[in-house]
Every structure is written in C-alpha cells, then in structure tokens.
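J.: Just to be clear, the model below is a prediction. Sequence and coordinates:
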Amino acid sequence: MAQAPILVMNAGSSSIKAALFDGALSELLRIEATGVGSAGEIRVGAQKRPMPLPDHATALTALFDALQAQGIALTDLHCVAHRIVHGGTSLTTAQRITPGVRAAIADCVPLAPLHNPHHLAAIDALAALAPDLPQCASFDTAFHATIPDVARRYALPDLPDLPGLRRYGFHGTSYASLVRSLPEQSHTLPQRLLAMHMGNGASLCAILGGQSVATTMGYSPLGGLTMGTRAGEIDAGAVLRLVGARGLEAADHLLHQQSGLLGLSGLSSDMRTLEAANTPQANLAIEHFCYWISRQAGSMISAMGGLDAVAFTGGIGENSGMIRNRILELLRWAGNFPDYIVPAREELQIAREAQTLLET
C-alpha cells in the first residue's frame with residue numbers, strides 16, 4: 001500500500017509555505033499564503049487568489065482550506081513536517097514533535113523571536129485540528145551542531161545573564177540537502193567543500209568531511225555576509241552607537257530591513273533588479289556582496305585547511321551567472337577547484353528527514 005503524503009510547512013513572519021510530497025518523495029503540490037498581516041494572497045501551484053490575511057490564524061485556515069479544495073484532508077496525510085529556524089543547543093537532529101520537543105522549541109523563542117512563535121502556532125493549530133496526525137520538526141541550526149567550540153564561542157565571560165550567546169549558524173537544512181545531492185554531480189562528496197547559500201539571506205559554510213566546521217552566520221541570521229536587507233558583518237561598537245542614537249527598535253529595524261543590498265543601492269534588495277540597473281550605487285552593492293563573500297570565504301577555507309570544491313545554492317547562487325563568475329574570479333588565489341550549482345531542495349530534505357523518523 002502506498003504511503004500517504006507528507007506535508008512540509010514553513011511558517012514565517014509574513015508567509016506560510018507548504019509543499020506536499022508523495023511516499024516516493026516526489027513533489028505533488030505547493031500552496032503558499034503570502035502577505036500575512038496585509039493584503040494577502042493564496043497561491044496554489046501557479047494560480048493566485050487575493051485574500052485578506054490579517055493574521056497567521058487566518059492564513060493557516062486559508063492554507064488548510066486550499067489543501068482541502070485539492071482533495072487532501074489533514075486526515076489523509078502521513079505526517080506534517082515543519083521547518084523550525086532555531087533548535088538551540090538541545091535540538092540538533094530532526095525530531096518527532098512531542099510535548100517535550102514542543103517545550104524545547106518554545107524555550108528557543110528568545111533566540112528567534114521573529115520565527116519560532118509562528119512555527120509553534122502552526123504546530124498547535126494542526127494538533128487542535130488533527131490530534132492523531134504525527135508532526136515532525138527539522139531545525140535550521142542542527143547541521144551546524146558539529147562546529148567546534150573554538151569556532152562557536154564568542155570571547156565573552158561565562159555569566160548567568162548571558163545564556164545562549166554563541167554562534168549557531170543557519171541555512172542548515174539547505175546545507176544538509178546540498179551534502180546529500182552534490183555527489184550526483186561530483187560522483188563523490190568533496191572533502192573540503194565551501195558551500196554558498198545565496199538568496200535574500202546569504203551565508204557560507206565550511207563543510208569538512210560532510211560536516212559543518214564553520215559558517216558565517218552567528219548568534220542570529222543578521223551576521224556574516226551582505227544580504228538583501230540585512231547589514232551582515234558590522235562592528236559591535238557601531239551597533240551600540242546605532243542603539244544609542246536611534247533606540248533599540250529603530251536600530252533593529254535598520255539593521256534587518258533597511259541595510260544590505262537595499263541600503264547600499266538605495267534601490268532594491270533584489271539582485272536581478274540591481275544587475276539590470278547598472279547605476280553606480282547598484283554596482284557598488286553588487287561588488288560589496290561579492291567582495292565580502294570572497295573575503296569571508298578565506299576564513300572558511302582556513303577552517304577546513306584548504307579547498308577542494310565550491311558549491312552554489314539558493315536563488316542568487318543558482319540563477320546569477322554574473323555573481324558566480326565574479327566570486328570565482330575573486331577566489332582565483334585559492335588555486336584550481338571545481339565549482340557546482342546545486343538546486344536548493346530544503347522542503348525535500350525536511351520530508352526525507354520526517355519519513356526516516358517515522359520509519360524508525
């Protein structure tokens with residue numbers, strides 16, 4: 001008898017995305033509720049329908065209704081698998097959601113206040129609607145649990161009022177998927193692999209022997225590279241000055257929403273728009289993006305003791321030949337190495353991890 005479908009959910013701050021996979025892990029359908037909190041929209045495959053989505057509860061209901069309209073009831077599912085941004089120090093592998101695991105996800109809310117509450121809302125809504133339906137969780141931080149302490153720890157004292165201030169790393173589901181799928185191209189997994197996830201959020205990961213040993217994002221997804229609207233690497237003294245001058249909330253908004261490619265270009269956070277603009281500001285933003293990737297790549301290469309291959313993934317990594325070529329040009333000093341384009345398959349990775357959990 002064929003296995004029932006697996007629904008993968010990613011509940012974010014302004015959208016809820018879902019992908020449906022059959023028992024063979026072939027994708028069947030995508031449904032997205034976007035613009036949550038404003039003029040919303042439901043997308044089912046290529047079809048779009050405007051719909052007011054004033055809050056996440058409404059968006060979840062609309063998503064489940066859209067699934068039902070496609071002939072799929074929650075009771076028809078094998079399980080629901082969630083992408084969870086932060087698993088903290090304890091949730092370092094995919095987990096079947098139990099009351100204890102749910103409590104541990106809730107404990108990580110202070111580490112990811114913009115994300116984990118929405119993940120929990122989706123988990124709770126499903127538990128209320130289909131209490132017997134298994135739910136699983138994959139954590140964006142889990143892939144980086146192998147980073148050694150010397151790379152993970154900030155040079156801060158051990159004080160009881162500073163819990164959790166350490167480098168966690170993110171985009172872990174993307175990197176785990178890349179490690180699994182790259183051998184289909186390279187026929188083996190390179191021992192010292194520099195992986196680049198480049199999209200609106202961007203990070204690098206040093207993957208040594210299939211495991212993360214360093215990454216550019218740290219305590220939060222704000223750190224590391226120049227991103228779509230995030231500042232990336234910035235001196236702590238500059239952050240303190242921003243907070244002093246503008247206040248905490250305004251400084252937080254500037255660093256997360258008004259900086260990066262958008263702040264440098266004064267035009268857009270979308271790399272496609274910047275490439276087409278060809279203005280001095282847009283060109284500076286593009287060069288800043290590539291320069292800091294290549295510069296921080298040196299740190300990743302050092303963490304691995306060398307370089308055997310580079311892999312690009314994410315929206316920019318997969319689709320912008322100009323960006324890839326510029327980064328490779330800036331990395332010529334590292335010698336000759338193969339480079340690969342690996343399509344991001346995060347939802348598939350999450351479905352696979354859930355399927356494995358329920359089979360054991």
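T.: The structure has been received and is ready for your questions.
J.: Can you list the buried residues in stretch 321-336?
T.: Counting neighbours by 16 or more other CB atoms under 10 Å, one finds that the buried residues in stretch 321-336 are I323, R324, R326, I327, L328, L330, L331, A334. Any C-beta I mention is one placed from the backbone N, CA and C, and that applies to glycine too.
J.: Quick one: residues in contact with it.
T.: Under the contact criterion CB atoms under 8 Å, 6 or more residues apart in numbering, stretch 321-336 has outside partners 196, 198, 271, 275, 286-287, 289-291, 293-294, 297, 301, 307, 310, 312, 316-317, 339, 341.
J.: Repeat that for stretch 221-236.
T.: 85, 167, 170, 199-204, 215-218, 254-264, 269-270, 285, 288-289, 292-293, 296.
J.: now the helices: where do they sit in the stretch 1-150 of the chain?
T.: Assigned by DSSP state H, counting those that start in this stretch, the stretch 1-150 of the chain shows helices spanning 56-69, 99-107, 116-129, 149-152.
J.: re earlier: now the buried residues of stretch 321-336 as CSV including pLDDT?
T.: Below are the buried residues of stretch 321-336 laid out as CSV (pLDDT from 0 to 100):
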residue, pLDDT
I323, 98
R324, 98
R326, 98
I327, 98
L328, 98
L330, 98
L331, 98
A334, 97
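J.: the domain parsing of the chain - what is it?
T.: With domains defined by automatic domain parsing, the chain comprises 6-139, 188-341.
J.: Go through these and find the least confident stretch.
T.: With a mean of 93, domain 6-139 has the lowest mean pLDDT of the domains of the chain.
J.: nearest residue to H78 other than its sequence neighbours?
T.: Closest residue in space to H78, ignoring its immediate chain neighbours: A4 at 3.9 Å, by CB to CB, 6 or more residues apart in numbering.
J.: correct me, but that neighbour touches T75?
T.: No - using CB atoms under 8 Å, A4 makes no contact with T75, being 9.3 Å away.
J.: quick one on the thing from earlier: quick one: buried ones out of the contacts of stretch 221-236?
T.: Of those, these count as buried by 16+ other CB under 10 Å: 85, 167, 170, 199-204, 215-218, 255-256, 259-264, 269-270, 285, 288-289, 292-293, 296.
J.: Counting only strands, which of the contacts of stretch 321-336 make the cut?
T.: Among the contacts of stretch 321-336, the residues falling in strands (DSSP state E) are M196, M198, V310, F312, D339, I341.
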